[in-house]
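Enquirer: Here is my input; please provide its structure:
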Amino acid sequence: MALFELTGKTVVVTGAGSGIGRATALIADADADGSIVDVSSEAGIRGAAYTASKHGLIGLTRNTAYMYGKAGVRCNAIMPGGVETNIMASIDQSKLDMEGLGVLGAVHAGALRNAKPDELAALVVFLLAVEASNVNGALIANDGGWSAG
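Expert: Have a look, this model is predicted:
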């Protein structure tokens, strides 16, 4: 997939910084309203190393919403917690830091449950729809209540 792809009024971005800038320009130049949905993480509002990149995306999301809202660009971010994927299947378990995972496990134990990919997709579809035309610059937790704890 390309860095960005314009499909109707929807821009699919696969790279954050320059991708959002180019997507914003595409929407604004098309002289039509459009929407960008970033996938950050609950880690974007707490934590350390991994958090820095996710927090950067949150800042970029809010800045884009504010700076380009009058040009018809909406930019929001969803913030999932754990998601049911097969990511662990691709990792060599013998190379994991089990002590570090123990600490991380305690953090993840606070989650009520992991999200299903379709649950995240449903929120993205809503944010791209005209029904969400007044939602701009929002950070929406989709984490089964993890952020409430």
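
Enquirer: What ranges does this structure have for its strands?
Expert: Assigned by DSSP state E, the strands in the chain fall at 4-7, 10-13, 34-39, 73-80, 139-142.

Enquirer: what about the chain, any weak spots by pLDDT?
Expert: 1-19, 43-44, 46-50, 88-89, 101, 103-112, 149 (pLDDT under 70).

Enquirer: do that again at 90, thanks
Expert: Applying pLDDT under 90 to the chain flags residues 1-60, 71-72, 79-117, 120-121, 130, 141-149.

Enquirer: and the longest helix for it?
Expert: Criterion DSSP state H: the longest helix present in the chain is helix 49-68.

Enquirer: can you count the residues close to the closest residue to I27 other than its chain neighbours?
Expert: Using Cβ to Cβ, 6 or more residues apart in numbering and skipping residues adjacent in sequence, the residue nearest I27 is G34, 3.4 Å away. No exception for glycine: its C-beta is placed from N, CA and C like everyone else's. When neighbours are defined as other Cβ atoms under 10 Å, G34 has 22 of them.

Enquirer: now do A141
Expert: 18.

Enquirer: which residues does it contact?
Expert: A141 sits next to 42, 79, 81, 147 when contact means Cβ atoms under 8 Å, 6 or more residues apart in numbering.

Enquirer: Any idea what the residue most central in space within the chain is bridged to?
Expert: What sits nearest the mean C-alpha location of the chain, by Cα atoms, centre = their mean, is V39, with 1.1 Å. Listed beta-bridge partners, V39: I78 (assigned using DSSP bridges).
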